[in-house]
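In: Any chance you could fold what I've pasted below:
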Amino acid sequence: MSVAGKWDDLPARIMSAVVMVAVGVAAVWFGGLWFTLLVVVIGGGMVWELCRMLGPDRERMAIPMGLLTTAALWGATLLPGEAVLPVLIAPAIVGATQLHKDRLIYGGYAAALMLACYGLMGLRADHGVMWVAWLVAVVIASDVAGYFVGRIVGGPKFWPKVSPKKTWSGTIGGWIAAGVVGAAFGGLPLVLMSVATAFAGQMGDAAESAIKRHTGVKDSSNLIPGHGGLLDRFDAMMGAALFVVIVSTLVGLP
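Out: Predicted structure coming up:
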């Protein structure tokens, strides 16, 4: 690949990123209804994309499943705790029954998306704007550092069978950037958690890459210029959010 070719997608990526950051910052700052709306819409969009990638009758089931996901996420915020989990996993179960193959892939991935989205809303409601700001900063810093370090330094591939473009240099660059974010927000425990969260985000990205390779698609959709679809952009955020939710539930946040 030529030097110019490495950066062909950069202008579109930057413009899309500016818009996404502006919308995301406003929603995170105001919280409440605005943040909930943003998360449930993104969650519904991601499941819509997942259906289109996996389903043989994808156009028939994609929109209904996206709407069901949006409704389930919204409804989960209004229900008592014991009713939340059945509502969250309902779209995963319903969607899986509509597929002729890859039912486990759809069910597992859709359930993980639902739990990550719900956990992200809970993080904002229960722990405040700074924790969401930290999480977003960790994912963005890891992604940006990984992109530029990987393109500039290159070197051995991190997981070529799953994500051919990812390099070890970019992966480690992402960890270092995440650690810097953790240091800016807090002490050593948060630095370590930031690095672990960045790794979880990278695994979220790898999981979506594996699905795309399995189904033979390049992007989950073309909704976001320069970034592909919502899953292409928020796969790392979902992996990181799910990790933070698990840590928060089991041992608490530092």
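
In: Could you identify the longest helix within the protein?
Out: helix 188-215 (DSSP state H).

In: Remind me what that helix packs against, helices and strands.
Out: Helices and strands touching helix 188-215, by 3 or more C-beta pairs under 8 Å, 6 or more residues apart in numbering; DSSP states H and E, are helix 32-54, helix 103-127, helix 129-153, strand 163-167, helix 168-185, helix 230-250. All C-beta spots, glycine's among them, are computed from the backbone N, C-alpha and C.

In: got the buried residues for that helix?
Out: Neighbour counts over helix 188-215 (16 or more other C-beta atoms under 10 Å) mark 190-191, 193-212, 215 as buried.

In: Report the contact partners of G66.
Out: Taking C-beta atoms under 8 Å, 6 or more residues apart in numbering, we find G66 in contact with 44-45, 47-48, 51.

In: which among these gets closest to G186?
Out: Nearest to G186 out of the contacts of G66 is G45 (C-beta to C-beta; 32.3 Å).

In: quick one: that closest one and I224 touch, right?
Out: No - G45 is beyond contact range of I224, at 10.1 Å (criterion: C-beta atoms under 8 Å).

In: who touches both of these two?
Out: Counting by C-beta under 8 Å, 6+ apart, the residues touching both G45 and I224 are L230.

In: Could I get the average pLDDT for the longest helix of the chain?
Out: What helix 188-215 shows for mean pLDDT is 92.

In: Next: stretch 62-74.
Out: Stretch 62-74 comes out at a mean pLDDT of 92.

In: Also stretch 37-51?
Out: Averaged across stretch 37-51, pLDDT comes to 94.

In: So what touches that stretch?
Out: Residues outside stretch 37-51 that contact it (C-beta under 8 Å, 6+ apart) are 23-24, 27, 58, 61-63, 65-67, 69-70, 73-74, 91, 95, 106, 109-110, 113-114, 117, 120-121, 211, 220-221, 223, 229-231, 234, 238.

In: Work out for me the element P64 sits within.
Out: For P64, the host element (DSSP states H and E) is helix 58-76.

In: and that helix, how far from the chain's centre?
Out: Centroid separation for helix 58-76 versus its chain: 18 Å, with C-alpha atoms, centre = their mean, to the nearest Å.

In: and if you look at stretch 42-60?
Out: Taking mean C-alpha positions (C-alpha atoms, centre = their mean), stretch 42-60 and its chain are 16 Å apart.

In: Could I get the helices and strands packed on helix 188-215 in JSON lines, plus columns for mean neighbour count?
Out: As requested, the helices and strands packed on helix 188-215 are exported to JSON lines (neighbours: other C-beta atoms under 10 Å):
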{"stretch": "helix 32-54", "mean neighbour count": "22"}
{"stretch": "helix 103-127", "mean neighbour count": "21"}
{"stretch": "helix 129-153", "mean neighbour count": "20"}
{"stretch": "strand 163-167", "mean neighbour count": "17"}
{"stretch": "helix 168-185", "mean neighbour count": "20"}
{"stretch": "helix 230-250", "mean neighbour count": "22"}
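
In: Next, format those as CSV and append distance to P86.
Out: Rendered in CSV, the data for the helices and strands packed on helix 188-215 read as follows (distance: least, C-beta to C-beta, whole Å):
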stretch, distance to P86
helix 32-54, 17
helix 103-127, 11
helix 129-153, 26
strand 163-167, 34
helix 168-185, 34
helix 230-250, 17
